[in-house]
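>>> Sequence first, predicted coordinates after that:
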There are 2 protein chains.
Amino acid sequence: MTERDPVILIAEDDLAQQKLLIYNVEREGFVAIGAETGEEAYQQLKLHDPDIVILDWMMPGINGIKLCKIIKGDRKTRNIPVLMISARTEEEDRVRGLDSGADDYLIKPYSISELLARVRALLRRARPTIAGTRLTYEDIELDPVRHLVTRNDNRIELRPTEYRLLEAFIEHPGRVWSRQQLLDRVWGRHIFVEDRTVDVHVGRLRKALCENGGSDPFRTVRGVGYSLG
Amino acid sequence: MTERDPVILIAEDDLAQQKLLIYNVEREGFVAIGAETGEEAYQQLKLHDPDIVILDWMMPGINGIKLCKIIKGDRKTRNIPVLMISARTEEEDRVRGLDSGADDYLIKPYSISELLARVRALLRRARPTIAGTRLTYEDIELDPVRHLVTRNDNRIELRPTEYRLLEAFIEHPGRVWSRQQLLDRVWGRHIFVEDRTVDVHVGRLRKALCENGGSDPFRTVRGVGYSLG
DNA sequence: ACATGATTGTCATAAATTTGACATATTTCT
DNA sequence: AGAAATATGTCAAATTTATGACAATCATGT
């Protein structure tokens, strides 16, 4: 009945970067295993059978692409999701990255929140029971797989930003988010958007969710931010 | 218990630019330290242990990137947030900027308001809320994550100032706070508010907590101040 | 490449809530 | 009782949030 915490293997040769990733990923409740080379990563992979692998593109020895091809070539490891990280920006690389079999692809610099969001998404796909295929709060339901939101089984149309916003809220019902935290999580870490913009989008989300009647599920916490419930 | 103002180290070789930054940053209530070279910045860093470092990319001697790598490579200074400023616009530079470990990145020309917003954001992130633990005193409970207060499981509605006030009290049950100490902690050190205003807010807090019956949990220490319990 | 419609961030303004001060009442201590 | 300190109701001012409008940007299909 008790499910183990998701195990994440992080292959990244820049140790500072690796530690940062491990820190953040563990804070999310995952178990993290670090590896500095492709070879080490491969050993750890065999040993721990992780739920997801984060691979840096460039690494000494077996690099990210090679390792990814190895993982995807072995039927024992084939269905472990791989998230590739790269500093390159060229579209061609992006294609090659996914060509190697990676399930997702992230370009440096990326925001930690974006990485975590993608990790969660991959986990949901691979282990539906962990993240739950459906996130619900009261009569609101968000289906991440179908990218669909309903309230009382009525379909709610949300724009991309509103959807991601609701996603954040519904993953932690009751938690109060500061505007800055929401910007980090929903908009991304290194972009500059006014704090007040959050108000506008929360307003739009409220409106969308209350369109067909129903009370406002959000709480405005004056001087702090917002929470769902 | 007195918190120092955030100290900002500004490494910028263009003196006019530096002065402008210092002026604006100090107007925000920060303490600013200027440095014209990488070497000087490093000395000041060691000396003052700033809360955040603003680095110009191009500087004589040790430049911004090098210094950033030094900062991020030393575990003593690693978690001081670094904001890199650069005149370059190429995407590749942006990548390299964050790659060097900078926590954020700003391209000239930038607006002062954007810079200040990013500084504030970095400071907020660096001081994460000591969340997770619920704070309790007798039947009073304060949940920092949900930003919710209950007494005997009855929800208590508090206004921002009352909430922060209770937060201070409940973190140190039994401690007697002088009005000045409460002003420092709850209102902030730089603003001027009458001592007597504390009385009013303690009164409001008392009223809110006793709304649904229950005895007054606070103690008025005549000639000194107040305490919880 | 281009047009077109949707989405998004910002701003101005309105609305709502909170706040600090003060006057007055009450309590406490000697 | 008298003096000093604290408690409390009231209210204008200040702060914070909600919302509609709009230009810029983005995405999509041709």
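Perfect, I can see it now.
>>> burial measure for residue A:163, as a count.
Here the count is done by other Cβ atoms under 10 Å in any protein chain shown, and residue A:163 has 20 residues near it. Quick note: C-beta positions are derived from backbone N, CA and C, even for glycine.
>>> Verify the stated contact: it with residue A:148.
No - using Cβ atoms under 8 Å, residue A:163 is not in contact with residue A:148; the gap is 9.4 Å.
>>> For the two, list the residues in contact with both.
Common contact partners of residue A:163 and residue A:148 (Cβ atoms under 8 Å, 6 or more residues apart in numbering or on different chains): residue A:142.
>>> Distance check, residue A:123 against chain B.
22 Å (Cβ to the nearest Cβ, to the nearest Å).
>>> ditto for residue A:188
Residue A:188 sits 12 Å away from chain B, going by Cβ to the nearest Cβ.
>>> OK, contacts around residue A:202?
So residue A:202 contacts A:165, A:218, A:226 (Cβ under 8 Å, 6+ apart).
>>> Please name the bridge partners of the second one.
Note on residue A:218: beta-bridge partners by DSSP bridges are residue A:228.
>>> Who does residue A:52 form a beta bridge with?
Assessed by DSSP bridges, residue A:52 has beta-bridge partners residue A:8.
>>> show me the contacts for it.
Residue A:52 sits next to A:6-9, A:80-83, A:119, A:122-123, A:126 when contact means Cβ under 8 Å, 6+ apart.
>>> With residue A:13 instead?
Taking Cβ under 8 Å, 6+ apart, we find residue A:13 in contact with A:36-37, A:56, A:58-60.
>>> and residue A:210, how many neighbours?
Burial measure for residue A:210: 15 neighbouring residues, criterion other Cβ under 10 Å.
>>> can you pull the pLDDT of it?
In this model, residue A:210 is scored at 94, pLDDT.
>>> got a list of what it touches?
Neighbour list for residue A:210: residue A:216 [criterion: Cβ under 8 Å, 6+ apart].
>>> Tell me the spacing between it and residue A:179.
Here the criterion is Cβ to Cβ, to the nearest Å. By it, residue A:210 lies 21 Å from residue A:179.
>>> Check the model's average confidence along stretch A:163-174 for me.
pLDDT averaged over stretch A:163-174 gives 92.
>>> That one: how far from the chain's middle?
Centre-to-centre, stretch A:163-174 and its host chain are 13 Å apart (Cα atoms, centre = their mean, to the nearest Å).
>>> how about it against chain B, any contact?
Yes - against chain B, stretch A:163-174 shows contacts by Cβ under 8 Å from any Cβ of the partner chain at residue A:174.
>>> Does DNA strand C have contacts with that stretch?
No - residues of stretch A:163-174 contacting DNA strand C under Cβ under 7 Å from any atom of the strand: none, with a closest distance of 7.9 Å.
>>> Any buried residues in that stretch, and which?
A:163-173 (16 or more other Cβ atoms under 10 Å in any protein chain shown).
>>> same check, this time on stretch A:48-62
Buried, per 16+ other Cβ under 10 Å, within stretch A:48-62: A:50-57, A:59, A:62.
>>> what's the average pLDDT for that stretch?
83.
>>> what about it, how long is it end to end?
19 Å (Cα to Cα, to the nearest Å).
>>> all strands of chain A, in order?
For chain A, applying DSSP state E gives strands covering A:7-11, A:31-35, A:52-56, A:82-86, A:104-107, A:135-137, A:140-143, A:148-151, A:154-156, A:176-178, A:218-221, A:225-228.
>>> Compare those strands and give me the one nearest residue B:29.
strand A:176-178 (19.0 Å; Cβ to Cβ).
>>> Check which helices and strands the closest one is in contact with.
With contacts taken as 3 or more Cβ pairs under 8 Å, 6 or more residues apart in numbering or on different chains; DSSP states H and E, strand A:176-178 sits against strand A:225-228.
>>> what distance separates the strand it packs on from the middle of the whole chain?
Centroid separation for strand A:225-228 versus its chain: 20 Å, with Cα atoms, centre = their mean.
>>> Kindly spell out which helices and strands sit in contact with it.
Using 3+ Cβ pairs under 8 Å, 6+ apart, the elements in contact with strand A:225-228 are helix A:160-171, strand A:176-178, helix A:179-182, helix A:195-210, strand A:218-221.
>>> Skipping adjacent residues, who's closest to whatever residue of chain A ends up closest to DNA strand D in space?
Residue nearest to DNA strand D within chain A (Cβ to the nearest atom of the strand): residue A:220, separated by 3.6 Å. Nearest residue to residue A:220 in three dimensions, chain neighbours excluded: residue A:226, at 5.9 Å (Cβ to Cβ, 6 or more residues apart in numbering or on different chains).
>>> and the gap between the one you found and residue A:176?
Residue A:226 is 7 Å from residue A:176, by Cβ to Cβ.
>>> so what sits against both of those two?
Contacts common to residue A:226 and residue A:176, judged by Cβ under 8 Å, 6+ apart, are residue A:219.
>>> domain parsing for chain A?
Listed domain ranges for chain A are A:7-130, A:135-228 (source: automatic domain parsing).
>>> Below-threshold pLDDT in chain A: ranges please.
For chain A, residues meeting the criterion pLDDT under 70 lie at A:1-5, A:27-29, A:87-101, A:105, A:107-114, A:117, A:121, A:124-133, A:189-190.
>>> Show me which residues of it sit near DNA strand C.
Neighbours of DNA strand C within chain A, by Cβ under 7 Å from any atom of the strand: A:159-162, A:187, A:192-194, A:196-197, A:200-201, A:222-223.
>>> Tell me the one of the residues you listed nearest residue A:20?
Set against residue A:20, the nearest of these by Cβ to Cβ is residue A:187 (20.1 Å).
>>> Which positions in chain A make contact with DNA strand D?
For chain A, the residues in contact with DNA strand D (Cβ under 7 Å from any atom of the strand) are A:196, A:199-200, A:202-203, A:206-207, A:220-225.
>>> State the pair within the residues you listed that is farthest apart.
Farthest pair in those (Cβ to Cβ) is A:207 and A:223. Separation: 23.2 Å.
>>> quick one on the thing from earlier: residue B:103 is nearest to which of the domains of chain A?
Among the domains of chain A, domain A:135-228 comes nearest to residue B:103, with 8.8 Å by Cβ to Cβ.
>>> gap between that closest one and the chain center?
Distance, stretch centre to chain centre, for domain A:135-228: 16 Å (Cα atoms, centre = their mean).
>>> returning to that earlier point: kindly reformat the contacts of residue A:52 as JSON lines containing distance to residue B:113.
Below are the contacts of residue A:52 laid out as JSON lines (distance: Cβ to Cβ, whole Å):
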{"residue": "A:6", "distance to residue B:113": "40"}
{"residue": "A:7", "distance to residue B:113": "44"}
{"residue": "A:8", "distance to residue B:113": "38"}
{"residue": "A:9", "distance to residue B:113": "42"}
{"residue": "A:80", "distance to residue B:113": "46"}
{"residue": "A:81", "distance to residue B:113": "41"}
{"residue": "A:82", "distance to residue B:113": "41"}
{"residue": "A:83", "distance to residue B:113": "35"}
{"residue": "A:119", "distance to residue B:113": "34"}
{"residue": "A:122", "distance to residue B:113": "37"}
{"residue": "A:123", "distance to residue B:113": "39"}
{"residue": "A:126", "distance to residue B:113": "43"}
